[in-house]
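A.B. asks: Sequence first, then the predicted structure, then my questions.
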Amino acid sequence: MLIKKIRIGYCPVCRRRTVFVSLNDWLRESYGCILCRSLPRHRAVIKVLDEIMPDWRKKKIHESSPGGGIFEQLKKDCVDYTYSYFYENKKLGKVLGEHCSNQNLENTTFECEDFDIVITQDVFEHINDPFKAFREIERILKPGGLHIFTVPINPLVKTVSRIKLENGERKAILPEVYHKNPIDVNGSLVTYDWGNDICELIETNTTMSASIKRFDQYEDCKENERLGIASYALYVIVTRKRENGKKEENERLN
């Protein structure tokens with residue numbers, strides 16, 4: 001088996017000196033830490049959290065549809081971490097295991113202003129009504145709380161919906177594409193192709209502020225290479241619930 005890339009570095013997920021290895025050219029989904037199996041998008045999420053909320057491991061955190069090497073590390077490191085998956089045939093809020101419940105991001109059973117941080121990693125390209133889900137996350141975040149997430153983005157185009165909803169039923173309007181799903185061997189249908197207007201769409205449909213942290217290979221290359229993050233088309237989106245719940249004109253997250 002041919003190794004496409006290998007490098008000694010430091011993993012921000014397991015916080016150890018490690019080796020990053022990839023067996024193909026799509027580093028975003030293949031450049032793994034040999035110790036914790038985290039991927040670049042996992043490590044990018046942690047780097048952003050470390051930068052904007054250094055004590056995040058002590059906060060109340062919820063993650064939707066977790067998976068991969070970062071999952072076990074978050075369960076171990078965070079003092080108040082819960083997570084959820086969505087089974088359409090099970091009651092919302094049903095306990096699925098320790099710290100785990102059945103939740104639909106468009107309509108969760110959580111109380112208002114319950115969490116400091118919500119994490120979603122490559123989830124929002126599979127939601128029927130992502131803007132309803134963004135508003136739901138805004139509802140369950142505390143004032144000043146963060147939604148940190150990754151999603152595939154094409155920076156050259158605008159966002160396109162691949163489906164339409166008619167009387168609550170989902171119908172494909174573009175050829176069906178599926179991604180891996182940790183709880184479904186058939187995978188998850190891609191419902192949205194996100195583009196360079198993602199922050200504008202979030203701010204139009206919620207009162208949250210939104211910004212993108214870029215981890216392209218040619219931006220801050222040396223440090224990102226050391227952390228095993230540098231990867232084409234790798235972005236972390238950061239949204240923050242405003243302290244007063246109101247949108248300020250031209251306000252942007254720094």
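C.D. replies: It's in.
A.B. asks: What residues of the lengthiest helix in the chain count as buried?
C.D. replies: Assignment by DSSP state H gives helix 40-52 as the longest helix of the chain. The neighbour-count check on helix 40-52 (16 or more other Cβ atoms under 10 Å) flags Pro40, Arg41, His42, Arg43, Ala44, Val45, Ile46, Lys47, Val48, Leu49 as buried. (C-beta placed from N, C-alpha, C; glycine too.)
A.B. asks: What is it packed up against?
C.D. replies: Applying 3 or more Cβ pairs under 8 Å, 6 or more residues apart in numbering; DSSP states H and E, we find helix 40-52 packed against helix 69-77, strand 115-121, strand 141-150, strand 235-240.
A.B. asks: all helices for the protein, in order.
C.D. replies: Taking DSSP H as the test, the helices found in the chain are 40-52, 69-77, 130-140, 198-205, 221-226.
A.B. asks: Which one, of those helices, ends up nearest to Val157?
C.D. replies: Ranking those by proximity to Val157 (Cβ to Cβ) places helix 198-205 first, at 11.2 Å.
A.B. asks: Buried residues, that closest one. List them.
C.D. replies: Ile198, Cys199, Leu201, Ile202, Glu203.
A.B. asks: Can you add pLDDT and give the residues you listed back as TSV?
C.D. replies: Shown next, in TSV, are the buried residues of helix 198-205 (pLDDT from 0 to 100):
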residue	pLDDT
Ile198	98
Cys199	98
Leu201	98
Ile202	98
Glu203	97
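A.B. asks: Redo those residues as TSV? Include distance to Glu98.
C.D. replies: TSV is the format used below for those (distance: Cβ to Cβ, whole Å):
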residue	distance to Glu98
Ile198	34
Cys199	35
Leu201	36
Ile202	32
Glu203	36
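A.B. asks: Okay, now the unreliable bits of the protein?
C.D. replies: Along the chain, the model assigns pLDDT under 70 to residues 1, 217-220, 245-254.
A.B. asks: Could you pull up the residues touching the residue lying closest to Thr109 once chain neighbours are set aside?
C.D. replies: In space, and not counting its chain neighbours, Thr109 is closest to Gly93: 3.6 Å by Cβ to Cβ, 6 or more residues apart in numbering. The contact partners of Gly93, taken as Cβ atoms under 8 Å, 6 or more residues apart in numbering, are Ser101, Asn102, Gln103, Thr109.
A.B. asks: Now which of those residues would you call buried?
C.D. replies: Using 16+ other Cβ under 10 Å, the buried ones in these are Ser101, Asn102, Gln103.
A.B. asks: Next, the last one: phi, psi?
C.D. replies: If I follow you right, that is Gln103. Per-residue torsions, Gln103: phi -140, psi 140 (degrees, to the nearest 10).
A.B. asks: Which residue comes closest to it once chain neighbours are left out?
C.D. replies: Using Cβ to Cβ, 6+ apart and skipping the chain neighbours, the partner closest in space to Gln103 is Ser84 (3.7 Å).
A.B. asks: And for Tyr87?
C.D. replies: Counting by Cβ to Cβ, 6+ apart, Tyr87 lies nearest to Asn102, which is 5.4 Å off, once chain neighbours are set aside.
A.B. asks: The residue nearest to Phe134 when sequence neighbours are not counted and Glu200, how far apart?
C.D. replies: Using Cβ to Cβ, 6+ apart and skipping the chain neighbours, the partner closest in space to Phe134 is Thr206 (5.1 Å). Counting by Cβ to Cβ, to the nearest Å, the gap from Thr206 to Glu200 is 12 Å.
A.B. asks: repeat for Val48
C.D. replies: 20 Å.
A.B. asks: Which positions in stretch 74-91 come out as buried?
C.D. replies: Across stretch 74-91, burial judged by 16+ other Cβ under 10 Å covers Leu74, Lys75, Cys78, Tyr81, Thr82, Tyr83, Ser84, Tyr85, Phe86.
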